[in-house]
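1. structure for the following, please:
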Amino acid sequence: EVQLMESGGGSVQTGGSLKLACVGPGYIHGNSYRAWFRQAPGKGREGVAIIAYGGNTDYADSVKGRFTISRNNANGTIYLQMNNLKPEDTAMYYCAAGSALSLMPNWVHYWGQGTQVTVSS
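-> Numbers count the residues shown, from 1 in each chain. Below you'll find the model as predicted:
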């Protein structure tokens, strides 16, 4: 069974930074794309950033220029560096593994448990 474990969430003020990490298998056959999604209270789950095994990335427009996704294939960890955080970034952040370079959740086959990020004004 594939397990993904997030860490690094917390509370920061507007303009602050956080770095999330997600530990999982280095390679998941058929699901080599790793991503971060988030879900705010009362809203649907939205894709934030995704990275292919070879390093191609894609980002939601709302985080471009502020968030950076990276991965270490040797130890199976992906990261999300979040800078210049805004109150609207407040959400539960989920690590995911899927089968396409897409920020749509229907391509995801494995989810982590989530880590909370709270940004105060």
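2. name the residues that touch stretch 86-94?
-> 6, 9, 14, 20, 36-40, 43, 45, 48, 62-63, 80, 82, 111-121 (Cβ atoms under 8 Å, 6 or more residues apart in numbering). All C-beta atoms are positioned from the backbone trio N, CA, C, and that covers glycine.
3. filter those residues down to the buried ones, PyMOL style.
-> The following PyMOL line selects those of the contacts of stretch 86-94 that are buried, judged by 16 or more other Cβ atoms under 10 Å:
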select buried, resi 6+9+20+36+37+38+45+48+63+80+82+111+112+114+115+117+118+119
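4. any figure for the gap between the closest residue to residue 73 other than its chain neighbours and residue 34?
-> Residue nearest to residue 73 in three dimensions, not counting chain neighbours: residue 26, with 5.2 Å by Cβ to Cβ, 6 or more residues apart in numbering. Going from residue 26 to residue 34 by Cβ to Cβ, to the nearest Å gives 10 Å.
5. buried residues in stretch 69-85?
-> Those would be 69, 71, 76, 77, 78, 79, 80, 82, 85, for stretch 69-85 by 16+ other Cβ under 10 Å.
6. ok, the fourth one - contacts?
-> What that stands for is residue 77. Applying Cβ under 8 Å, 6+ apart to residue 77 gives the contacts 21, 22, 23, 24, 71.
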